[in-house]
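Q: Here is my input; please provide its structure:
(one chain, ligands or ions: 1)
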Amino acid sequence: MENGISGSTHPVIDTHNDDVDTRDALEEIVYALSDFKGLGTQLTFSQGSCLKVLSRPNEHWWWAEREDGCQGYAPVNHLTTLTRNRQYGQDMEYFDSYSHLKIHHEMLDDKARTLAYQTAIRQNAHLLTDKVILDVGCGTGILSMMCARYGRPKQVYAVEASDIAEYTKDVIHSNKMSDTVTVLHSKVEEVQLEESVDVIISEWMGTILLFEMMVESVLLARDRLLKDGGTLWPSTASLFLVPCSAQKQYGSKMEFWKDQYGFDLSDLIEIAKEEFLQKPVHNHILDPADCLSEASRILNIDMRSVRREDLEQIDLDFEFTVQKSGTLHGFCTWFQVDFEGLDQSIHTVYLNTGPEHELTHWKQNLFLLDSPLSVDKDDVITGQFNLHRNPEWRRHLRVLLRFRVMSSSNNLKVPDREKLFYVWR
Ligand SMILES: N=C(N)NC/C=C/[C@H]1O[C@@H](n2cnc3c(N)ncnc32)[C@H](O)[C@@H]1O
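A: So this is what the prediction gives:
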């Protein structure tokens with residue numbers, strides 16, 4: 001664990017080969033997502049600067065030129081082709097979705113979610129005295145009000161970019177908390193506070209943990225507003241993966257076409273795969289009996305030290321030993337977030353959205369294969385689960401799933417399978 005993220009492999013610089021694919025010769029203008037200090041043949045550049053990509057020797061390092069003519073290797077996970085105003089347009093659409101009550105109703109109605117935050121706040125309440133707290137994306141203000149009710153903080157800044165913030169101001173006033181809780185109707189990226197904060201609390205987790213990439217806003221707030229040694233709640237976030245059967249889901253989308261009212265519609269199965277299987281089922285409720293192996297924690301993010309650029313491309317390895325013969329229809333994911341105590345004497349609070357825990361509004365996510373396959377007890381499934389942020393649609397990501405199946409006597413049963421999923425673009 002070098003930089004707050006474990007499970008990923010670090011890019012190695014490839015030699016700059018001149019016989020690059022002519023396709024790569026197309027020069028492209030990209031923008032730096034964050035500063036990069038280059039060593040040797042690497043190019044140093046600052047956030048927001050414009051680079052011209054001259055060639056793409058490999059998927060991790062491109063040969064680029066700065067506006068002053070300097071050339072060198074630039075790490076791809078620091079680059080985006082997205083211009084600032086196109087990102088602005090996507091944000092407006094995103095925040096508009098949160099200006100309606102439906103999503104807030106769903107989140108408040110999720111008892112496991114909201115009570116995990118309440119438990120973390122109450123267990124640490126005595127240590128919140130005189131603290132300055134920042135609630136990133138406060139929505140209806142529930143977490144900020146919990147901090148103010150159970151602790152005795154000096155100040156809570158409740159930051160909310162969507163128009164719901166105007167109503168949240170009334171909610172804070174009606175609950176007689178205006179002297180402690182200040183609602184700021186703003187993106188956290190643009191908020192100016194007269195003091196740095198002791199605690200950042202935020203409920204930022206999306207589908208597959210990272211969809212919406214709201215975590216990036218929390219990390220920006222951390223870097224800009226959190227005191228040294230300050231606390232982030234949640235303090236860590238993990239992603240879990242398990243191979244599973246999903247006969248009902250697969251049958252309802254694929255076998256469905258084989259016989260409809262006595263007619264054979266199986267010619268439609270190919271386009272059904274495109275339409276129904278290219279994206280994960282985001283509201284799947286995984287039956288533990290459908291798990292073909294123990295689940296594996298494939299990603300662990302330490303919110304204190306992870307860097308934003310580490311979240312551009314996260315390549316994760318996995319290995320599962322099949323515990324019972326059955327049909328492998330796909331893989332399921334869920335996440336866990338931990339709330340570490342403000343001192344060692346206080347137990348960590350966990351919120352796990354997996355099949356062995358209380359159901360949450362996130363449910364689990366099912367990545368269905370185009371063609372299921374049979375696996376036997378003691379087979380070994382090895383592969384990669386690669387999360388790549390969409391360079392254009394910055395809140396979306398793609399999942400590249402690769403795996404192979406070896407028998408217990410170590411011969412190849414299923415050669416490399418590979419499938420790309422969209423979440424959601
Ligand atoms: N857990 C998930 N997926 N979302 C729940 C929470 C999302 C809330 O956080 C707000 N939010 C998201 N990003 C920002 C930001 N950069 N600045 C201020 N407010 C923000 C949204 O408008 C929602 O009200």
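Q: Residue numbers of the chain in contact with the ligand?
A: Applying Cβ under 6 Å from any ligand atom, one finds that the chain approaches the ligand through 95, 98, 137, 139, 159-162, 187-189, 203-206, 212, 214, 217. All C-beta spots, glycine's among them, are computed from the backbone N, C-alpha and C.
Q: Could you give me the PyMOL selection string for whichever of these are buried?
A: Only the buried entries of the residues of the chain next to the ligand go into this PyMOL selection, using 16 or more other Cβ atoms under 10 Å:
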select buried, resi 95+98+137+139+159+160+161+162+187+188+203+204+205+206+212+214+217
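Q: Just the residues of the chain next to the ligand: which are in strands?
A: Taking DSSP state E, the ones among the residues of the chain next to the ligand that sit in strands are 159-160.
Q: what does stretch 248-268 rub up against?
A: Identification of contacts with stretch 248-268 by Cβ atoms under 8 Å, 6 or more residues apart in numbering yields 269, 272-273, 276-277, 281, 284, 329-330, 366, 368, 372.
Q: If we use 7 Å, what do you get?
A: The contact list for stretch 248-268 (Cβ atoms under 7 Å, 6 or more residues apart in numbering) reads 269, 272, 276, 281, 284, 329, 366, 368, 372.
Q: same deal with stretch 71-80?
A: Under the contact criterion Cβ under 7 Å, 6+ apart, stretch 71-80 has outside partners 11, 13, 30-34, 36, 38, 41-43, 45, 51, 54, 59-65, 309, 312-313, 391.
Q: again, only using 8 Å
A: Applying Cβ under 8 Å, 6+ apart, the contact partners of stretch 71-80 are 11, 13, 16, 30-34, 36, 38, 41-45, 51, 53-54, 57, 59-65, 309-310, 312-313, 391, 394.
Q: How about the stretch 251-400 of the chain: which residue is closest to the ligand?
A: Going by Cβ to the nearest ligand atom, the ligand is nearest to Trp362 of the stretch 251-400 of the chain, at 8.4 Å.
Q: so that residue sits in a strand?
A: No. Counting by DSSP: H, G, I helix; E, B strand; the rest coil, Trp362 is not part of a strand but coil.
Q: now the residue in the stretch 1-150 of the chain that the ligand sits nearest to, nearest residue through space, not along the chain?
A: Nearest residue of the stretch 1-150 of the chain to the ligand, counting by Cβ to the nearest ligand atom: Gly137, 2.2 Å away. Spatially, and ignoring its direct neighbours in sequence, Gly137 is nearest to Ser202 (5.7 Å; Cβ to Cβ, 6 or more residues apart in numbering).
Q: Please name the bridge partners of that neighbour.
A: Here Ser202 shows beta-bridge partners Val136, assigned using DSSP bridges.
Q: do the same with Gln364
A: With DSSP bridges as the criterion, Gln364 is bridged to His284.
Q: I'd say it and Thr333 touch.
A: Yes. Counting by Cβ atoms under 8 Å, Gln364 touches Thr333, with 6.8 Å between them.
Q: Select the longest strand from the protein.
A: Identified as the longest strand of the chain according to DSSP E is strand 326-339.
Q: For burial, what's the neighbour tally of Ser407?
A: Other residues within reach of Ser407 by the criterion other Cβ atoms under 10 Å amount to 15.
Q: for it, what are its contacts?
A: 376, 378-380, 413.
Q: Kindly recompute the last result at 10 Å.
A: Counting by Cβ atoms under 10 Å, 6 or more residues apart in numbering, Ser407 makes contact with 322, 375-376, 378-380, 413-414.
Q: what's the average pLDDT for stretch 265-278?
A: Averaging pLDDT along stretch 265-278 yields 96.
Q: which parts of that stretch are buried?
A: For stretch 265-278, using 16+ other Cβ under 10 Å, the buried residues are 272-273, 276-277.
Q: Would you format those as a markdown table with secondary structure included?
A: Output for these, formatted as a markdown table (three-state DSSP):
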| residue | secondary structure |
| --- | --- |
| Ala272 | helix |
| Lys273 | helix |
| Phe276 | helix |
| Leu277 | helix |
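Q: ok, which stretches of the stretch 201-350 of the chain are strands?
A: For the stretch 201-350 of the chain, applying DSSP state E, counting those that start in this stretch gives strands covering 226-233, 236-244, 281-284, 296-302, 313-321, 326-339, 349-352.
Q: The second one: how far from the chain's middle?
A: Strand 236-244 sits 12 Å away from the centroid of its parent chain (Cα atoms, centre = their mean, to the nearest Å).
Q: Compute the inter-axis angle for that strand and strand 326-339.
A: Taking axes from the mean of the first three to the mean of the last three Cα atoms, to 10 degrees, one finds that strand 236-244 is oriented at 170 degrees with respect to strand 326-339.
Q: Thought Met145 was touching Ile172, still the case?
A: Yes. Using Cβ atoms under 10 Å, Ile172 is in contact with Met145, at 7.0 Å.
Q: list residues touching both of the two?
A: Residues touching both Ile172 and Met145 by Cβ under 10 Å, 6+ apart: 138, 156, 158, 180-181.
Q: can you pick the most crowded of these?
A: Ranked by neighbour count (other Cβ under 10 Å), the shared contacts of Ile172 and Met145 have Ala158 at the top, with 31 neighbours.
Q: re the thing from before, any chance of a markdown table for the buried residues of stretch 265-278, columns distance to Glu194?
A: Listed next are the buried residues of stretch 265-278 as a markdown table, based on distance: Cβ to Cβ, whole Å:
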| residue | distance to Glu194 |
| --- | --- |
| Ala272 | 57 |
| Lys273 | 56 |
| Phe276 | 52 |
| Leu277 | 52 |
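Q: Surely Thr119 and Trp233 touch.
A: No. Using Cβ under 10 Å, Thr119 makes no contact with Trp233, being 11.1 Å away.
Q: what touches both of these two?
A: Shared contacts of Thr119 and Trp233, defined by Cβ under 10 Å, 6+ apart, are found at 339, 349.
Q: between those two, who's got more neighbours?
A: Neighbour count, other Cβ under 10 Å: between Thr119 and Trp233, Trp233 has more, with 25 against 16.
Q: Tally up the residues packed near the residue nearest to the more buried one when sequence neighbours are not counted, please.
A: When the adjacent residues along the chain are set aside, Trp233 lies closest to Ile201, with 4.5 Å between them (Cβ to Cβ, 6+ apart). Around Ile201 there are 26 other residues, counting by other Cβ under 10 Å.
Q: got it, and Met406?
A: Met406: 16 surrounding residues under other Cβ under 10 Å.
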